[in-house]
Structures are given as structure tokens and as C-alpha cells.
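Colleague: my questions are about this predicted structure, shown below with the sequence.
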Amino acid sequence: MTGTCEGVMQQAEKLLFNGQADEALALFSKEAENGNGRAMYFLGFILEHGLGHTAQDEDKAAAWFEKGQKAGDALAAARWLGMDDRYHLLTDAFPKARAMAEDNDCFAKVELADMYMSGGIMINFEEGIHLLSQACAMGYWYALEKMGDLCQEGLLVDKNEARAFAFYSKAAAAGHDHYSEYQLGCAWYDGIGTAMDREKGLSLLKKAWKDGSSDAAYRLALIAENGIGIPSDEQKAALWYQRAAEMGNTLAKGALGYFYEKGLGGLPEDMEKARTLYKEAAEEGDDESQFRLEVLEGKNRSEN
């Protein structure tokens, strides 16, 4: 790797460490085109998690992990081999990733923690939490978010919503990723792990949406439709469902399909749009949309 290439990668990794995924993506893309396996890993990572304004795409992520593994990157190999080749994961990718983590690579620490906690290499929850805690101490926002998730769900650690809120707050302060903003918005709005402050919750949810969170847009739609803490407003709900659906949110597509089917929220009654949205959501795994699609098509057959 040339000095110039190293400089670009260092800059890109610093941007990602600071939560600036959109800016990092452009640099990683250029380096991946030049055959840099580590850059390929980061492209897969951004796509897998839908960071910044990049839509989540696990198939594209897997393709980049495979390319990175072939280019010799240990972290890409850990993601790719972990899917179906535990032998080479154990004998090749794991030792290299372990050495990188011991050399204070925070990205390797998180990857290795996931390998331990998900059973990709071996089950060792204690070591996984230890590595994740080390990455948190380094200030890596993604590690802080993962620890927040564990505390919120009570997975591998005691459930503690106040601790989850604290981790999400640190993640939001350390980076600019929309996920922690979304979680904080929900926490403030619902009073989970902190005092209820719906004005602050709405503000954070809207910020998360602007930063690329389709989940935040979907949550705002639910709040408007159901009148949770505010007067019910179907037109606002329709607008937020449209925004979330345009960002690829599966549940929002199904809800928007229902609005078109029934002509709600100021939207025209449009069975074709409803059918298209139901189909997209159903193909993405939404059972309710699959049911509504079948009902809609059944009505169409009976009418003809």
C-alpha cells in the first residue's frame, strides 16, 4: 500500500470512527476500486448496517465482504467466511483479526466481539463483552450503540434502560450516525431510561430522519396516525409514511399501501399503487402486507 493510499484510508477510517459515514463511503469506494481489501470490508460494513444515507443492502454487503476476503483482508474474511466456512474462519481470519484487535484496532475489536457473541467462531460472551467495552472506551460510536442495544434488550448483560440511554447518548456525542439519534428520540418521547420530554423526542426523531433514518420517519408516522402525545393527523402520517417508504422502510411501504387502498390522509384511492407497495413490502418479509395483497387480489378476481 502506498503512502498516499494509507493517508486516504486513515482519513476514511477517521471519518467513519466519527460517524461521518457518507463522507467515508466516497473515500472507501475509491480505494476499493484500487483493490484495497480493507476498504472493501468497510463498504460491506456500511451497506450491511445502512449507515448514513446509504440504504441497507445485505446482498451487496456480502458481495463486498467476499471481494475483500479474496483481496486478503482479515475483517472482510471474518464476515464472509463466518457465513459458511468455519474451518478457514478459525485457521485464517480469526488469528489475524485477533492480532489486529490486540494492536488496538477498534474496528477489529468490534468484529471480534461479534464473532465471540454470535458464535461465528466460538461462544465466549465474557470475551465478547470485554472487547466491546474496550472499543467503547476508545470512543467508537458503533461499539457504544451495540452496548446500548445489549442493555436495552437485556442480552448478555442485565437489562438496564437507563444504562442503554447513557450508551446511546455517548454514541450520539461521539459520532453522527442516525441510529443513536433515533434511539434517543424514542427514549425521550416514551420516557424510557430517562424523563419523558416529547418535544425533545420529536426534535431528535426529525434530526435522525434528516440524517438518514427511515425508522425515525416511520416512528413519526405512527405518532401522527395514532395521536401518541399529539392530536391524530392522517395527512402528516401519510407524509411521514411516504418519506419512510422512499428511504426503503418495509413497514412504511405496507402502511402507505393501506393509505392508498383506503384513500386516507388526503391520498387518492389507488389500488395499483397499493398493490405495488404491498408487493414490495411482502417480498421484503412483511406478513401483513402479504395478507393485504392477497385480499386485494382476491377482490379484484371476484369483481372480474
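Modeller: Thanks, I have the structure now.

Colleague: residue ranges with poor pLDDT in the stretch 151-300 of the chain?
Modeller: The model of the stretch 151-300 of the chain has no residue with pLDDT under 70.

Colleague: so which residues of it form helices?
Modeller: Listed from the start of the chain, the stretch 151-300 of the chain has helices (DSSP state H, counting those that start in this stretch) covering 161-174, 178-190, 198-210, 214-226, 234-246, 250-262, 271-283, 287-303.

Colleague: what's the closest of these to residue 144?
Modeller: Relative to residue 144, the nearest member of the helices of the stretch 151-300 of the chain by CB to CB is helix 161-174, separated by 3.8 Å. For every residue, glycine as well, the C-beta is placed using N, CA and C.

Colleague: mind putting the helices of the stretch 151-300 of the chain in JSON lines, distance to residue 107 and mean neighbour count included?
Modeller: Formatted as JSON lines, the helices of the stretch 151-300 of the chain follow (distance: least, CB to CB, whole Å; neighbours: other CB atoms under 10 Å):
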{"stretch": "helix 161-174", "distance to residue 107": "14", "mean neighbour count": "20"}
{"stretch": "helix 178-190", "distance to residue 107": "17", "mean neighbour count": "24"}
{"stretch": "helix 198-210", "distance to residue 107": "23", "mean neighbour count": "19"}
{"stretch": "helix 214-226", "distance to residue 107": "24", "mean neighbour count": "23"}
{"stretch": "helix 234-246", "distance to residue 107": "30", "mean neighbour count": "21"}
{"stretch": "helix 250-262", "distance to residue 107": "29", "mean neighbour count": "23"}
{"stretch": "helix 271-283", "distance to residue 107": "33", "mean neighbour count": "19"}
{"stretch": "helix 287-303", "distance to residue 107": "36", "mean neighbour count": "14"}
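
Colleague: for those, which one sits closest to residue 81?
Modeller: With respect to residue 81, and counting by CB to CB, the nearest of these is helix 178-190 at 26.5 Å.

Colleague: relative to helix 161-174, how tilted is the closest one?
Modeller: If you take axes from the mean of the first three to the mean of the last three CA atoms, to 10 degrees, helix 178-190 sits at 140 degrees to helix 161-174.

Colleague: identify the residue nearest the geometric centre of the protein.
Modeller: Geometric centre of the chain, nearest residue: residue 49, 3.8 Å, by CA atoms, centre = their mean.

Colleague: is that residue in contact with residue 56, as I believe?
Modeller: Yes - because the distance of 6.7 Å satisfies CB atoms under 8 Å, residue 49 is recorded as touching residue 56.

Colleague: of all the residues in stretch 149-156, which ones are buried?
Modeller: Taking 16 or more other CB atoms under 10 Å as the neighbour-count basis, stretch 149-156 is seen to contain the buried residues 150, 151, 152.

Colleague: in contact with residue 248, which residues?
Modeller: Each residue near residue 248 by CB atoms under 8 Å, 6 or more residues apart in numbering is listed here: 55, 56, 214.

Colleague: measure it to residue 54 for me?
Modeller: For residue 248, the distance to residue 54 equals 10 Å [CB to CB, to the nearest Å].

Colleague: what does residue 295 give?
Modeller: The span separating residue 295 from residue 54 equals 35 Å under the rule CB to CB.

Colleague: again with residue 167
Modeller: Remark: distance between residue 167 and residue 54 (CB to CB) = 23 Å.

Colleague: could you do residue 65 as well?
Modeller: With the distance defined as CB to CB, residue 65 ends up 15 Å from residue 54.

Colleague: which one of these two has more residues nearby?
Modeller: Summary of the neighbour comparison: residue 65 and residue 54, criterion other CB atoms under 10 Å, with residue 65 having more neighbours (27 against 17).

Colleague: other SSEs contacting the host helix or strand of residue 95?
Modeller: Secondary-structure element containing residue 95, defined by DSSP states H and E: helix 94-102. Under the contact criterion of 3 or more CB pairs under 8 Å, 6 or more residues apart in numbering; DSSP states H and E, helix 94-102 touches helix 74-81, helix 106-118.
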